[in-house]
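Novice: My questions concern the predicted model and sequence given below.
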Amino acid sequence: MGYESARPTHVCAASGRAFEAGERYVATLGESPESDDFLRFDFCVEAWEGGARPPPPVRPVAVWRARAAGREDRRSMLLDDEEILGLLEGLDPLAEGRAAVFRYLLALLLLRRRVLRVKDQRVGEGGRPVLVLVRRGGPKGLEPEPIEVTDPGMDEQAVAAGIEELGVVLAGGGEGAARGDG
């Protein structure tokens, strides 16, 4: 289904250097101008802070920080909750199509993992349901920043494609890694 390009690359897109096990890096996800695929570019922190970015005309959809897996845990490693939350927050809340489906599925995953909770629900533009989510925990007396996620109105085919894509992007390279209990 064209999701191969969204897999972690394990190398810096700017320098071509392979990441060492445990090394922090910046992952980016962008929409391909030629196809319906997501393209992934990973950058070492030094390159990212030095201004390295995906090449034009790739339109960035999300940016998040991740940790390189060692060879022994690449097949089963998933992003941790903080990385998934960073990915969700990096996605455009006004996105349409596949990006909106991906964002909605990330939000549902974080609800399931009890990282986020539903604060409110409302009807948004076009009559679509909107979930108003907030992070659980945090300092007492401070209201967490709300995250609004619009239900993209997925049919079964869109849900299946979104789940597959979510698994590819979050997994460390192993097939079906997102099928676990998370």
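Specialist: Received it, and whenever you're ready, just let me know what you need.
Novice: Distance from the strand or helix carrying Arg117 to the middle of the chain?
Specialist: Using DSSP states H and E, Arg117 maps to strand 116-123. Counting by C-alpha atoms, centre = their mean, to the nearest Å, strand 116-123 is centred 20 Å from the centre of its parent chain.
Novice: avg pLDDT for that strand?
Specialist: Across strand 116-123, the average pLDDT comes to 90.
Novice: One more: stretch 23-38?
Specialist: On average, the pLDDT along stretch 23-38 is 81.
Novice: tell me the helices in the protein, going along the chain?
Specialist: If DSSP state H is used as the criterion, the helices of the chain fall at 45-49, 81-90, 97-112, 156-170.
Novice: Can you lay out those as CSV showing mean pLDDT and mean neighbour count?
Specialist: Glycine gets a C-beta too; all of them are placed from N, C-alpha and C. As requested, the helices of the chain are exported to CSV (pLDDT from 0 to 100; neighbours: other C-beta atoms under 10 Å):
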stretch, mean pLDDT, mean neighbour count
helix 45-49, 95, 15
helix 81-90, 85, 18
helix 97-112, 84, 20
helix 156-170, 70, 17
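Novice: Looking at these, which is nearest to Val61?
Specialist: Val61 lies closest, by C-beta to C-beta, to one member of the helices of the chain: helix 97-112, at 5.1 Å.
Novice: With distance to Ala14 as added columns, please give the helices of the chain in TSV.
Specialist: Shown next, in TSV, are the helices of the chain (distance: least, C-beta to C-beta, whole Å):
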stretch	distance to Ala14
helix 45-49	4
helix 81-90	19
helix 97-112	24
helix 156-170	20
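Novice: Which one, of those helices, ends up nearest to Thr150?
Specialist: Thr150 sits nearest to helix 97-112 of all the helices of the chain, at 6.7 Å, using C-beta to C-beta.
Novice: check contacts around the most centrally placed residue in the chain.
Specialist: When C-alpha atoms, centre = their mean is applied to the chain, the residue found nearest the centroid is Leu87 (4.0 Å). Residues near Leu87 by C-beta atoms under 8 Å, 6 or more residues apart in numbering: 29, 62, 64, 79, 106, 169.
Novice: if we go to 10 Å?
Specialist: Going by C-beta atoms under 10 Å, 6 or more residues apart in numbering, Leu87 touches 27, 29, 61-66, 79, 102-103, 106, 110, 169-170.
Novice: Just grab the bridge partners of Arg65 for me.
Specialist: Under DSSP bridges, the beta-bridge partners of Arg65 are Val26.
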